[in-house]
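Asks: Quick one, what's the 3D model for this:
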Amino acid sequence: MRLQLKCPRRRGGTALLAGLVVLAGGAGLAWAASGGEPSHGGFTSTDWFRLMNFAVLAGGLFFLLRKPIPRALNGRIRGIEDQLKDLEAKKSEAEKRLAEYNQKLGTMEKEAERIMADYTRQGQEAKARILKEAESAAEKLQIQARRNIEHEFEQTKATLQREIFEKALTKAEELLKQNVTSQDQSQLVEEYLQKVVAS
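Replies: This next block holds a predicted model:
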């Protein structure tokens with residue numbers, strides 16, 4: 001909406017306005033010239049000349065400034081309207097950017113939720129994988145421990161059997177030495193020799 005100041009086209013309105021200005025100005029001048037007190041003799045010729053000078057000056061200023069002042073005011077109004085348009089454009093641009101930022105913020109919140117869900121899922125998968133690997137490692141350790149125990153048991157068993165056998169031989173030797181006489185030895189030797197000769 002563009003506002004424009006237009007000069008009045010009717011001469012009657014202009015003349016009336018000029019007349020009122022002249023009368024008001026003249027009355028003010030006359031009163032000021034008399035020192036602010038009303039004179040008893042009325043207007044003097046000097047007062048009339050002053051009044052006429054003022055009327056001519058006011059009329060001249062009115063006719064000189066009747067076009068430039070509305071132009072200046074119209075120019076100022078156009079400048080204000082342009083500023084208002086610029087401000088409206090900036091406001092709409094700011095609202096558009098605000099809407100974009102709100103949309104981006106909403107998208108970022110959704111993205112953050114998706115990333116958190118991703119990390120949670122990956123954490124659960126890593127936890128399950130670690131537990132499975134730990135169970136597998138525990139089973140392997142149990143199997144290895146069982147094998148080690150069995151191996152140690154077999155070695156200990158073999159060592160015990162060897163020790164028992166050695167002790168049994170030692171004991172048998174001792175018993176033979178104690179119970180076998182030289183005569184028994186001679187008899188055993190002869191029996192052995194006979195077997196060798198017979199074969």
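Asks: which residues touch Lys91?
Replies: Lys91 makes no contacts at all, as judged by CB atoms under 8 Å, 6 or more residues apart in numbering. Bear in mind the C-beta positions are built from the backbone N, C-alpha and C, glycine included.
Asks: gap between it and Tyr101?
Replies: 15 Å (CB to CB, to the nearest Å).
Asks: cool, and Asn74?
Replies: For Asn74, the distance to Tyr101 - CB to CB - is 40 Å.
Asks: In terms of neighbours, single out the busier of these two.
Replies: More neighbours surround Asn74 than the other of Asn74 and Tyr101, with 15 against 11 (other CB atoms under 10 Å).
Asks: count of residues packed around Pro70?
Replies: Neighbours of Pro70 (other CB under 10 Å): 15.
Asks: Now the element after the helix or strand harbouring it, going C-ward?
Replies: Pro70 belongs to helix 68-179 when assigned by DSSP states H and E. Counting by DSSP H and E, the next helix or strand C-terminal to helix 68-179 is helix 182-198.
Asks: Distance from that following helix to the middle of the chain?
Replies: Offset of helix 182-198 from its chain centre (CA atoms, centre = their mean, to the nearest Å): 108 Å.
Asks: in it, what counts as buried?
Replies: Residues of helix 182-198 classed as buried: none (neighbour count, 16 or more other CB atoms under 10 Å).
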